[in-house]
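A.B. asks: Turn this into a structure:
(chains A and B)
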Amino acid sequence: MSAVAPDKAKRPLSPHLQVYKPQLTSVTSILHRATGYGLSVGLAFFTWWLVAAASGPEAYETFTSFCGSLLGIGLLFGWSLAFYYHLANGIRHLIWDSGYLFKIQNAYAAGYFVLFFTVVATALTWFCITSHLNENALLRQVSNECSHIKPNCVKCIEDKCLNTANLHPSG
Amino acid sequence: MSMKWESGGMKNPLARARGLGSAHHGVGNWIRLRVTAVANVILSVWFIWFVKNSIGLDHAEFTGMLANPLNAIAMILLVISVFYHATLGCREIVEDYFHVEWMKISKLVGIYLFSLAAGIACIFSVLKIAL
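C.D. replies: Numbers count the residues shown, from 1 in each chain, chains lettered A, B, ... in the order given. Sure thing, here's the model as predicted:
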């Protein structure tokens, strides 16, 4: 871009981000873009999920084992945080677009609510995931014990699995 | 006006203005971003439910759940709406922060090609599982 006009450098620049003190309204706005970008990158991961499911059990197993790895959990945690934030703040933006919440105290209240919702929803999600996975691990352990004695033995299932049988999703 | 007419050559003023973002042309993407946002909010509720139920499932159980017509339809709608929304959103970011023309254009082309390729891969995958 050598064709820049020589007087362009002399033009006064409008003050940019680093000049201003961070405010809730500006920070939530920047975070909305940042989380939107992060979630867009996450679409590659989302695509891997569906393509792996369509490819077969081995590809799906590769995907789910990556999800269980430390890197996978870290990424998924970040994306869940970004998802809830972008969802809640997106609704805040839609309300603004329809002409409401412009009073400064309302804009602030909604901003604090968005942050509150993000933290609570993310915490709740991961609490559900961990308790669900613990339950699954327990079931797997029980079913392993049963098959070790005799596969599909009704008496064995009654003896060993009766207490947790009602937890099993597919019976 | 006559000066502009002359500098535009044989083109009439409307042809020169089209596609340059004036005359409310740029509002179209603004509206599309909001329409897909509303769709995303609705589909997110289903998506949270779907992901919650898919945790810990093996391949057969997961594809069985996605093969349910209602789930497959919701997933395809979600893919279209989310990819469209993400494309428009990333386009907005690139247009705001990249002012060197070839950098801006190459990033936009990358965004369009990725969205199209990944979006079609997602829809194909859902159809393959469901049909």
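
A.B. asks: Go ahead and confirm A:Val121 touches A:Tyr84.
C.D. replies: For residue A:121 the amino acid is Ala, not Val. Yes - taking contact to mean Cβ atoms under 8 Å, the distance of 4.3 Å between A:Ala121 and A:Tyr84 places them in contact. (C-beta placed from N, C-alpha, C; glycine too.)

A.B. asks: Quick check: next helix or strand after the helix or strand where B:Ala15 lies?
C.D. replies: Using DSSP states H and E, B:Ala15 sits within helix B:13-17. As assigned by DSSP H and E, the chain's next helix or strand after helix B:13-17 is helix B:27-54.

A.B. asks: Quick check: buried residues in that following helix?
C.D. replies: The neighbour-count criterion (16 or more other Cβ atoms under 10 Å in any protein chain shown) identifies B:33-34, B:36-37, B:39-40, B:43-44, B:47-48, B:50, B:54 as the buried residues of helix B:27-54.

A.B. asks: ok, and of the residues you listed, which contact chain A?
C.D. replies: Counting by Cβ under 8 Å from any Cβ of the partner chain, the subset of those that neighbours chain A consists of B:34, B:37, B:40, B:44, B:48.

A.B. asks: Which of these sits closest to B:Ser81?
C.D. replies: Nearest to B:Ser81 among these, counting by Cβ to Cβ, is B:Asn40 at 5.5 Å.

A.B. asks: contacting residues around that closest one?
C.D. replies: With contacts defined as Cβ atoms under 8 Å, 6 or more residues apart in numbering or on different chains, B:Asn40 is in contact with A:87, A:90, B:78, B:81-82, B:85.

A.B. asks: try it again with 10 Å
C.D. replies: When the contact criterion is Cβ atoms under 10 Å, 6 or more residues apart in numbering or on different chains, the partners of B:Asn40 are A:86-87, A:90, B:47, B:78, B:81-82, B:84-86.

A.B. asks: on that earlier part again, neighbour count winner among A:Ala121 and A:Tyr84?
C.D. replies: When A:Ala121 and A:Tyr84 are compared for neighbours, A:Tyr84 comes out ahead with 23 against 18, by other Cβ atoms under 10 Å in any protein chain shown.

A.B. asks: pull the CA atoms of stretch A:39-53 into PDB?
C.D. replies: Taking Å, rounded to 0.1, in the frame of the first residue of the first chain, the C-alpha atoms of stretch A:39-53 are listed here in PDB:
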ATOM      1  CA  LEU A  39     -17.300 -19.300  19.500                       C
ATOM      2  CA  SER A  40     -16.800 -19.000  15.700                       C
ATOM      3  CA  VAL A  41     -13.400 -20.800  16.100                       C
ATOM      4  CA  GLY A  42     -15.300 -23.400  18.200                       C
ATOM      5  CA  LEU A  43     -17.400 -24.100  15.100                       C
ATOM      6  CA  ALA A  44     -14.500 -26.100  13.800                       C
ATOM      7  CA  PHE A  45     -14.700 -28.300  16.900                       C
ATOM      8  CA  PHE A  46     -18.500 -28.500  16.500                       C
ATOM      9  CA  THR A  47     -18.000 -29.700  12.900                       C
ATOM     10  CA  TRP A  48     -15.500 -32.300  14.100                       C
ATOM     11  CA  TRP A  49     -18.200 -33.600  16.500                       C
ATOM     12  CA  LEU A  50     -20.800 -34.100  13.800                       C
ATOM     13  CA  VAL A  51     -18.500 -35.400  11.100                       C
ATOM     14  CA  ALA A  52     -17.000 -37.900  13.600                       C
ATOM     15  CA  ALA A  53     -20.400 -39.100  14.500                       C
END
